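Q: Show me the folded form of this:
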Amino acid sequence: MNETSNLSTDHTIVVGVDGSDHSSHALMWAAAWAATHNSTLHIVTADTIGVLESARNEVLTAYPHLSVLGSELAMSPAAALVEASSDADLVVVGNRGRGGWQGLLLGSVSATVSDHSKCPVVVVPHQAVHQEGPVVLGADGSPESILAAHTAFAEADRHGVGVIVGQVTKLPMVASANLLPAKEDFELMEGDAQAVAEETIAAARAAYPNVPVEIVAKAGDPAYELADIAAGASLIVVGNRGRGGFRELLLGSVSRSLLQRASCPVLIVRPHHEVAAEV
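A: Numbering: from 1, shown residues only. Just a heads-up that it's a prediction; the model follows:
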């Protein structure tokens with residue numbers, strides 16, 4: 001392992017880089033987050049051909065006072081990020097890469113990092129821009145979703161924006177499009193969704209009473225609807241597990257669909273007490 005460093009802080013943001021435009025975009029997003037949160041930025045790469053030094057210089061040009069660490073880890077990209085996550089507060093990855101990071105969003109690396117990271121993970125799409133839009137929370141009433149609510153409200157409060165709470169009830173499987181629920185059933189599902197959203201955010205809303213809140217309760221495909229709700233948002237926050245429409249969010253097709261559809265970074269919150277399995 002090759003490592004360089006500046007003075008460190010008590011909090012660390014890990015970002016994976018490979019020299020591609022996509023990872024550079026994620027790198028600068030992570031640097032902005034680290035600067036805002038007064039954290040150390042830890043740049044991790046599996047590439048030994050000047051990528052680390054180039055990334056470090058790019059960050060320090062934009063944020064000369066930011067504390068920066070750099071590590072070249074002789075292991076697979078996913079394993080490198082999971083290893084670094086052990087001492088981190090957040091791991092940031094881009095949604096595409098090259099070389100060792102190829103297929104970061106769509107293949108096994110993204111699934112492995114999301115599943116096995118010891119801390120929360122942010123996936124940054126290449127088209128994401130630093131904007132002051134609202135923070136969107138994916139709410140389903142699960143303990144993980146309630147934890148995600150605290151993170152969403154804290155970030156909204158930090159940036160002076162509102163929270164949009166998206167609660168999407170997944171439609172039941174049907175044999176034919178002609179068997180879609182009746183209008184009255186849709187209304188009932190959306191009413192239940194509203195109640196679940198209120199329950200999910202109750203504690204966070206009390207802790208941050210000045211954060212504006214909008215609740216959007218829908219019935220439909222969770223990933224599609226949540227991505228649609230988040231159009232123009234600065235961040236989507238979801239729990240790493242859920243129930244109802246968000247069940248197995250990180251483990252199945254819903255998570256991959258959400259990460260592919262989202263036009264803004266997606267923050268996946270993991271309970272602090274949870275210990276992920278080894279890669």
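Q: Need the nearest residue in space to Ala230, chain neighbours excluded.
A: In space, and not counting its chain neighbours, Ala230 is closest to Val136: 4.2 Å by C-beta to C-beta, 6 or more residues apart in numbering. For the C-beta atoms, the positions are set from N, CA and C on the backbone; glycine is no exception.
Q: Does that neighbour touch Glu225 like I think?
A: No. The pair formed by Val136 and Glu225 falls short of the contact definition of C-beta atoms under 8 Å, at 11.0 Å.
Q: Which neighbours do the two have in common?
A: Common contact partners of Val136 and Glu225 (C-beta atoms under 8 Å, 6 or more residues apart in numbering): Gly166.
Q: Those two - which one has more neighbours?
A: Relative neighbour count places Val136 above the other of Val136 and Glu225, with 30 against 22, counting by other C-beta atoms under 10 Å.
Q: Would you enumerate the residues in contact with the more buried one?
A: Going by C-beta under 8 Å, 6+ apart, Val136 touches 152, 163-166, 226, 229-230, 233, 235-237, 264.
Q: From those, pick the one nearest Trp33.
A: Within these, distances to Trp33 taken as C-beta to C-beta reach their minimum at Leu235, with 9.7 Å.
Q: Which residue is the nearest non-sequential neighbour of the closest one?
A: Across the structure, with C-beta to C-beta, 6+ apart as the measure, the residue nearest Leu235 apart from its sequence neighbours is Val135 (4.9 Å).
Q: The one you found against Val161, yeah?
A: Yes. Shown here, Val135 and Val161 form a contact pair, counting by C-beta under 8 Å, at 6.3 Å.
Q: overlap in contacts of those two?
A: Listed as contacting both Val135 and Val161 by C-beta under 8 Å, 6+ apart are Ser234.
Q: Settle it for me: which of those two has more neighbours?
A: More neighbours surround Val135 than the other of Val135 and Val161, with 27 against 19 (other C-beta under 10 Å).
Q: Can you read off the pLDDT for that one?
A: Taken from the predicted model, the pLDDT recorded for Val135 is 97.
Q: Check Ile13 too.
A: The per-residue pLDDT reported for Ile13 equals 96.
Q: Now for it: which residues touch it?
A: Applying C-beta under 8 Å, 6+ apart, one finds that Ile13 lies in contact with 30, 33-34, 37, 39-42, 88-92.
Q: go with 10 Å
A: With C-beta atoms under 10 Å, 6 or more residues apart in numbering as the criterion, the residues that contact Ile13 are 30-35, 37, 39-43, 66, 69, 88-92, 119, 122.
Q: Pull the distance from stretch 65-78 to the chain's centre.
A: Mean-position distance between stretch 65-78 and its chain equals 20 Å (C-alpha atoms, centre = their mean, to the nearest Å).
Q: can you give me the strands in the stretch 101-250 of the chain?
A: 121-124, 135-138, 163-170, 213-220, 235-239 (DSSP state E, counting those that start in this stretch).
Q: what helices or strands is the first one leaning on?
A: So that's strand 121-124. Packed against strand 121-124 by the contact rule (3 or more C-beta pairs under 10 Å, 6 or more residues apart in numbering; DSSP states H and E) you find strand 12-16, helix 21-36, strand 90-94, helix 108-116, strand 235-239, helix 253-261, strand 266-269.
Q: State the mean pLDDT of the third one.
A: So the one you mean is strand 90-94. Across strand 90-94, the per-residue pLDDT values average to 90.
Q: okay, and for the protein, where does confidence drop off?
A: 1-9, 48, 96-111, 127-131, 171-191, 241-256, 272-279 (pLDDT under 70).
Q: Let's see that with 80 instead.
A: Per-residue confidence of the chain (counting by pLDDT under 80) places the weak regions at 1-10, 22, 47-49, 95-115, 126-132, 169-193, 218-220, 240-260, 270-279.
Q: what helix or strand is Asp18 on?
A: Using DSSP states H and E, Asp18 sits within no helix or strand.
Q: returning to what we had before: mind putting the helices and strands packed on strand 121-124 in a markdown table, distance to His126 included?
A: Supplementary listing: those in a markdown table, determined by distance: least, C-beta to C-beta, whole Å:
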| stretch | distance to His126 |
| --- | --- |
| strand 12-16 | 14 |
| helix 21-36 | 5 |
| strand 90-94 | 7 |
| helix 108-116 | 14 |
| strand 235-239 | 16 |
| helix 253-261 | 12 |
| strand 266-269 | 13 |
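Q: So for Ala74, which of those sits nearest?
A: Relative to Ala74, the nearest member of the helices and strands packed on strand 121-124 by C-beta to C-beta is strand 12-16, separated by 14.7 Å.
Q: I'm done for today, thanks for sticking with me.
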